[in-house]
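[1] Any chance you can model this:
(one chain, ligands or ions: 3)
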Amino acid sequence: MALIVHKYGGTSMGSTDRIKNVATRVAKWHDAGHQIIVVPSAMSGETNRLIGLAKQIMEQPDPRELDMIASTGEQVSVGLLSMALLAIGKKAVSYAGWQVPIKTDSAYTKARIESIDDQRVKADLAEGKIVIITGFQGIDADGNLTTLGRGGSDTSAVAIAAAMKAEECLIYTDVDGVYTTDPRVVSEARRLKTITFEEMLELASLGSKVLQSRSVEFAGNYRVPTRVLSSLTDPLMPLEEEANSGTLISFEEDTHMEQAVISGIAFNRDEAKITVLGVPDKPGVAYHILGPIADANIEVDMIIQNQSVEGKTDFTFTVSRGEYVKAMGVLEAVKEEVSAITLVGDAKVSKVSVVGVGMRSHVGVASQMFRTLSEEGINILMISTSEIKISVLIDEKYMELAVRALHKAFDLEKA
Ligand code: ADP
Ligand code: ASP
Ligand code: MG
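    Numbers count the residues shown, from 1 in each chain. Ligands and ions are numbered 1, 2, ... in the order given. I've put the predicted structure just below:
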């Protein structure tokens, strides 16, 4: 007998029939003798609908109130799934995040999990109950509801698996694993049987939304064996077969050395670029520009500072598109203080990244990437690299073309 956490995403929970299928699958695992915790997302489209309602009232919704609204989708899901299990004769109980409790910091709309109490859940499991806990939501130290950012149910599931010391976390979704890139963009994308934590972390944080990046951080930090697999298969398929399907996130030392140089391509459509033009090139400028941005809780990604000309330089960085207006507002207020000539922005840029641990031992990845983009006539606006990834910022209208061309250039469709 093992304790296993199942996570089901929005499509998997998308209708009452799908929820009944989830109940059938979960019951199969429970009948096989396992203790099961299930972490569902809101039904597909529901979180968008809720955020849309909020925006009809307030264009830039108040973050605390937004979390109050957005967190409700998951509450409906846990209730429905619990009922679907009760209806087929299983013992089940649902909990909202605050009832567990799942404690977070107070960063509304992107809160971080700080602790998860295991007592109540463990007692239910010991009584033979299937425990269903809302994804995406938590509670802060003052009792306010919080949410973990879009796609946050993945993080809830892996964090719960870590806190409860589960043997495995199974992330059921609408694709049958992690692919070399989003199979919706490149039909030749290939499913990977395993991927290292490190690569998965890069892919997720660079935009592959198959897993929220914080979920991968939890999996790595707490060594939670995590697998991504399909919820759209026959829920009564043999358990052994299901347990070995999909993509296992593995530790690098477990994988053999014959790895491809590049494992995958990630992209993020929703980037924005801001340039502060003509700032004096002297100590403290980067701090005076980015300090207020950080104080406003806006995450900065790529940064470049140009060569100075006659003591003046241009400073460019990227933020996520959703924070572009806010970031421009912050900078308008500090423009004079940093003696900048002007601000220019472009909210129609995207980032494409190639990722692979093989880059450590192979040279020439960057030149092949740049050659491929140049052959397609795609202009590179910014570049950033780490040991295992190269990212470029390009005009959003070339994003899909770039992903397809790079997928082919690096032979990713071939095993
Ligand atoms: P869920 O609702 O189950 O959380 P998501 O929509 O958040 O599902 O994530 C699954 C989607 O991630 C897939 O439908 C696919 O389009 C997308 N995706 C992006 N990159 C990848 C990738 N490398 N491998 C698999 N799926 C990917
Ligand atoms: N329902 C939330 C969202 O749509 C969380 C999740 O699906 O993981 O972002
Ligand atoms: Mg998701």
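[2] For whichever residue of the chain sits closest to ligand 3, which non-adjacent residue is spatially closest?
    Ligand 3 sits closest to Gly151 of the chain, with a gap of 4.1 Å, by CB to the ion. Any C-beta I mention is one placed from the backbone N, CA and C, and that applies to glycine too. Among residues not flanking Gly151 along the chain, Gln212 sits closest, at 3.9 Å (CB to CB, 6 or more residues apart in numbering).
[3] before we move on, the earlier item: for the residue of the chain closest to ligand 3, grab the count of nearby residues.
    Gly151: 21 surrounding residues under other CB atoms under 10 Å.
[4] so it makes contact with Val216?
    No - counting by CB atoms under 8 Å, Gly151 stays clear of Val216, with 11.3 Å between them.
[5] how close does the closest residue to ligand 1 within the chain sit to Ile171?
    Closest residue of the chain to ligand 1, CB to the nearest ligand atom: Gly9 (1.8 Å). Separation of Gly9 from Ile171 (CB to CB, to the nearest Å): 8 Å.
[6] Comparing the two, which residue is more hemmed in?
    Ile171 (30 against 24).
[7] Residues of the stretch 51-200 of the chain that sit close to ligand 1?
    151, 173-175, 178-179, 181-184 (CB under 6 Å from any ligand atom).
[8] Of those residues - the most surrounded one?
    Val178 (30 neighbours).
[9] quick one: low-confidence parts of the stretch 201-350 of the chain?
    252-259 (pLDDT under 70).
[10] try it again with 50
    In the predicted model of the stretch 201-350 of the chain, residues 256 satisfy pLDDT under 50.
[11] give the contact list for the nearest residue to Ser386 once chain neighbours are set aside.
    Sequence neighbours aside, Glu202 is the residue nearest to Ser386 in space, at 7.4 Å (criterion: CB to CB, 6+ apart). If you count contacts by CB atoms under 8 Å, 6 or more residues apart in numbering, Glu202 has them with 266, 353, 355, 386, 388-389.
[12] Show the contacting residues for the residue nearest to Gly151.
    Taking CB under 8 Å, 6+ apart as the test, what Gln212 contacts is 148-155, 204.
[13] between those, which is closest to Ile262?
    Ala204 (16.2 Å; CB to CB).
[14] Could you tell me which residues make contact with the closest residue to the closest one other than its chain neighbours?
    Closest residue in space to Ala204, ignoring its immediate chain neighbours: Ser213 at 3.9 Å, by CB to CB, 6+ apart. By CB under 8 Å, 6+ apart, Ser213 lies in contact with 201, 204-205.
[15] Could you do Glu188 as well?
    407-408, 412-413.
[16] what about 7 Å?
    Neighbouring residues of Glu188 by CB atoms under 7 Å, 6 or more residues apart in numbering: 407, 413.
[17] which SS class is it?
    coil (DSSP: H, G, I helix; E, B strand; the rest coil).
[18] Distance of it relative to Asp174?
    Glu188 is 19 Å from Asp174, by CB to CB.
[19] Stretch 71-79 vs ligand 2: in contact?
    Yes - on the criterion CB under 6 Å from any ligand atom, stretch 71-79 is in touch with ligand 2 at Gly73.
[20] Let me know how buried the closest residue to ligand 2 within the stretch 151-300 of the chain is, in neighbour terms.
    Using CB to the nearest ligand atom, Ser153 is the residue of the stretch 151-300 of the chain that sits closest to ligand 2, at 3.2 Å. Counted with other CB under 10 Å, residues neighbouring Ser153 total 30.
[21] Up against ligand 3, what does the stretch 1-150 of the chain have?
    By the rule CB under 5 Å from the ion, the part of the stretch 1-150 of the chain lying against ligand 3 is Gly9.
[22] where along the stretch 1-150 of the chain do the strands fall?
    3-8, 35-40, 92-95, 102-104, 113-116, 130-133, 137-139, 145-147 (DSSP state E, counting those that start in this stretch).
[23] Which one of those lies nearest to ligand 2?
    strand 145-147 (7.5 Å).
[24] Identify the residues contacting that closest one?
    Contacts for strand 145-147 (CB under 7 Å, 6+ apart): 67-68, 70-71, 98, 104, 106, 108-109, 111, 136-140.
[25] which residues sit against the helix or strand following that strand?
    Using DSSP states H and E, the next helix or strand after strand 145-147 towards the C-terminus is helix 153-163. Helix 153-163 has contacts (CB under 7 Å, 6+ apart) with 5, 7, 9, 37, 39, 41, 102, 113, 116, 118, 133, 135-136, 148, 169, 171, 211-212, 214-215, 218-219, 222, 224, 226.
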